[in-house]
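Student: Compute the structure for the input listed below.
(2 chains)
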Amino acid sequence: MSTILETVGVGKMYGDFVALDDVSLAIAEGELVSIVGPNGAGKTTLVNVLTGLLKPTAGLVRFRGQDIAGIGPVMLARRGMARAFQLVHIFPAMTVRQTIAVAVVSQEGKGLRFFSAVDDDRGVRDRVREVASIFGLERKLETEARYLSQGEKKLLDIASAFALQPEVILLDEPTSGVSSADKHGIMRNVVDAAKKAGVKAIILVEHDMDLVAEYSTRIVALTAGKVLADRPPAAFFSDPEIVAAIVGKMVGRLAKEA
Amino acid sequence: MKTAVGVFVLAALATLFALPSVLSAYYITLVLPAVAYAIALLGFNLLFGYTGLLSFGHALYVAVGAYGAAVLSSKLGIKSFELVLLLSGAAAVAAAIPVALLSVRYEKIFFGILTLAFGMLFHSFLFKFYDITGGDTGIRVLRPSLFGNEFKDLDKTAFLVGPFYYYCVGLLAILGFVMWRIVHSPFGLHLVASRENRRKSEYLGVRVRFFRLIAFSISAFYCAVGGAILAINTGQADPELAYWTHSGELVFMAVLGGFANFFGPLVGAFTFIFLKSELMGLTQFWRFWLGLTLIVIVVLFPRGLVGVGQDLWTRLHKR
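Tutor: This is a model prediction of the structure:
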């Protein structure tokens, strides 16, 4: 298995506050790596570093062997990494068709076409339909995103990321705000779609330990900006110390929220 | 709906072309600036309605078009209106690029204030550099030739309400068609995506700043074309064209007609020009009534006149 995305000794300081400290991890083709940890453990910072949004203060971030530290979202999309968001990021006034088309247009390098009607572009249209049907959105093509249900919005957000045909996709709490009955549906959909679309690796940031246990090939646990554990699910959940450190804190947090 | 739009456009163009045989010359000299503003607003709304960037300084580019026509005609002796349009438009794009490079890094009020500041800078330049710009009196604009024809047998009014009017309506049709294609192109889709959600669109590969720069430049070109027509209509390019209240009028027209719709700003341009001239004839408090109109539109009909029209249309069709 070859490494597709890695960090080497990554650190990130905000003033005196250490958000990430010497984080090294490697993600290989075929993996679904979950990043878990209590709030404030540095998950979001790590995700922002991995997606080239934040430049680390120390260490390296490499995607397919190339340095991507701080390259920004647009270049990241071009290199082949896509990101779906924790809070649903969609284009409220745009239809499902238009939303997916935005990604298809950039993936096909057609953004600088000023004079051709995007609706008449058969290549774009077929690809939009194909992506929509993978995520079960083909009946909603003409619906504006703001009128979709919460679960459909999530699916649309993920579908648009998939439409970039990325090699790596990063899912930031793809099921937050969705009923637990729908959570597995969304995850199964995403994993199937990834296989069909030729996505080589998935990074998942998730609080729901059921989902993490069921879908991950490996789990990376962060606490206070450091990697506490990096192992497959079976080894992860059989270690009481780790479970206490990560899951215990998270269950505590969830209990407080409830 | 598509056929309805097509019928509406053809009817509107036919009306515009038929107007000179129905209305007096006085009214045609009013329609002419409305056509000029309609062209400017097509560009303005690519930035405002589609890209979500509200400029309070677009009078700058209208003025560049007007002064371009003035300098080219009375100082450089260029008569061809086609050449005047191209060169003034190019000058506006050249003026827009440095402004846009700085402004498109920002959004909302910061974008608005920056564009406003550049507009005011340009106004004071026109006002103070008397030797170049003619100061408060401005520069005279000479009658251009259209496709090489100077129409020497026509007096000034006959030229304006005759060949020049038809020429400008033709321009509106062509530039309107081009803008229609732009907003429906993949480029236009990316602009709308960046308006709806900048961060998400960037993660989908939309080059937000670069595309905004291009949209800004296109809008400047359209405004300059409108400005050149305005200047020829009045025979004068004066600094009031660049004053910030003039930028405000562009915003007014877009909101009045409805900036969410392609045709809204065009309807706004025509309505505004007639409203203003009628009110000015009726009362010296015309600014008060214009302001009141704007308040009513914003509070009661935020989708503008076109929005009102669309609601009536759907209500009639449901019955």
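Student: B:Glu51 reaches B:Ile214, doesn't it?
Tutor: Slight slip there: residue B:51 is Thr, not Glu. No: contact between B:Thr51 and B:Ile214 fails when scored by CB atoms under 8 Å: they sit 9.8 Å apart. C-beta coordinates here come from the backbone N, C-alpha and C atoms, glycine included.
Student: Looking at those two, which one has more neighbours?
Tutor: Between B:Thr51 and B:Ile214, counted using other CB atoms under 10 Å in any protein chain shown, the more crowded position is B:Thr51 (25 against 21).
Student: In terms of helix, strand or coil, where does the residue of the stretch 201-319 of chain B found nearest chain A fall?
Tutor: In the stretch 201-319 of chain B, the residue that lies nearest chain A is B:Gly205 (3.1 Å; CB to the nearest CB). Three-state call for B:Gly205 (DSSP: H, G, I helix; E, B strand; the rest coil): coil.
Student: ok, now which ones touch it?
Tutor: By CB atoms under 8 Å, 6 or more residues apart in numbering or on different chains, the residues touching B:Gly205 are A:74, A:77-78, A:103, A:106-107, A:111, A:164.
Student: Now stretch A:38-45 - C-alpha only, CSV.
Tutor: What follows is stretch A:38-45, C-alpha atoms only, in CSV (Å, rounded to 0.1, in the frame of the first residue of the first chain):
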residue,chain,number,x,y,z
PRO,A,38,-12.6,15.3,22.5
ASN,A,39,-13.4,18.9,21.7
GLY,A,40,-10.4,21.1,21.6
ALA,A,41,-8.1,18.2,20.8
GLY,A,42,-7.0,19.8,17.5
LYS,A,43,-9.1,17.8,15.1
THR,A,44,-10.3,20.9,13.2
THR,A,45,-6.8,22.4,13.0
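Student: Contacts for it next, please.
Tutor: If you take CB under 8 Å, 6+ apart as the criterion, stretch A:38-45 is touched by A:12, A:19-20, A:23, A:35-37, A:54, A:172, A:205, A:222-225, A:246, A:249-250, A:253.
Student: ChimeraX command for the buried members of the residues you listed?
Tutor: One line in ChimeraX is enough to select the buried ones among the contacts of stretch A:38-45; burial here means 16 or more other CB atoms under 10 Å in any protein chain shown:
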select /A:12,19,20,23,35,36,37,54,172,205,222,223,225,246,250
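Student: Now go through the contacts of stretch A:38-45 and say which are in strands.
Tutor: Mapping the contacts of stretch A:38-45 onto strands (DSSP state E) picks out A:12, A:19-20, A:23, A:35-36, A:172, A:205, A:222-223.
Student: Put the alpha carbons of stretch B:208-219 into CSV.
Tutor: Only the C-alpha atoms of stretch B:208-219 are listed here, as CSV (Å, rounded to 0.1, in the frame of the first residue of the first chain):
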residue,chain,number,x,y,z
VAL,B,208,-13.1,33.2,-6.7
ARG,B,209,-10.8,36.2,-6.8
PHE,B,210,-9.8,35.7,-10.4
PHE,B,211,-13.3,35.3,-11.6
ARG,B,212,-14.5,38.3,-9.6
LEU,B,213,-11.7,40.3,-11.2
ILE,B,214,-13.0,39.3,-14.6
ALA,B,215,-16.6,40.1,-13.7
PHE,B,216,-15.5,43.5,-12.4
SER,B,217,-13.7,44.2,-15.7
ILE,B,218,-16.7,43.1,-17.8
SER,B,219,-19.0,45.3,-15.7
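Student: separation between A:Leu32 and A:Ala163?
Tutor: 20 Å (CB to CB, to the nearest Å).
Student: Please say which of those two ends up with more neighbours.
Tutor: Each of A:Leu32 and A:Ala163 had its neighbours counted (other CB under 10 Å), and the higher figure belongs to A:Ala163 (29 against 22).
Student: Which helix or strand contains the closest residue to the more buried one other than its chain neighbours?
Tutor: With CB to CB, 6 or more residues apart in numbering or on different chains as the criterion, A:Ala163 has its nearest non-adjacent residue at 3.7 Å, and that residue is A:Ala103. Taking DSSP states H and E as the definition, A:Ala103 sits inside helix A:96-107.
Student: Direction-wise, compare the next helix or strand after that helix with helix A:96-107 and give the angle.
Tutor: Going down the chain from helix A:96-107, the next helix or strand is helix A:122-134, by DSSP H and E. With axes from the mean of the first three to the mean of the last three CA atoms, to 10 degrees defining the directions, helix A:122-134 sits at 120 degrees from helix A:96-107.
Student: And for the lengthiest helix in chain A, what's in contact with it?
Tutor: The residue-count maximum for a helix in chain A (DSSP state H) belongs to helix A:180-197. The contact list for helix A:180-197 (CB under 8 Å, 6+ apart) reads A:32, A:134-136, A:151, A:154-155, A:158-159, A:162, A:165, A:169, A:171, A:174-175, A:178, A:199, A:202, A:208, A:210-211, A:214-215.
Student: Quick check: which ranges of chain A have low pLDDT?
Tutor: A:1, A:248-258 (pLDDT under 70).
Student: Just give the nearest non-adjacent residue to the residue of it found nearest chain B, would you?
Tutor: Closest to chain B within chain A is A:Ser106: 3.1 Å, counting by CB to the nearest CB. Nearest non-adjacent residue to A:Ser106, counting by CB to CB, 6+ apart: B:Gly205, 3.1 Å away.
Student: measure the one you found to B:Arg181 for me?
Tutor: From B:Gly205 to B:Arg181 the distance is 22 Å (CB to CB).
Student: and stretch B:2-19, does that touch chain A?
Tutor: No: taking CB under 8 Å from any CB of the partner chain as the criterion, stretch B:2-19 and chain A are apart, separated by no less than 10.7 Å.
Student: Contacts for that stretch next, please.
Tutor: Residues contacting stretch B:2-19 (CB under 8 Å, 6+ apart): B:27-28, B:31, B:35, B:166, B:169, B:172-173, B:176, B:263, B:313.
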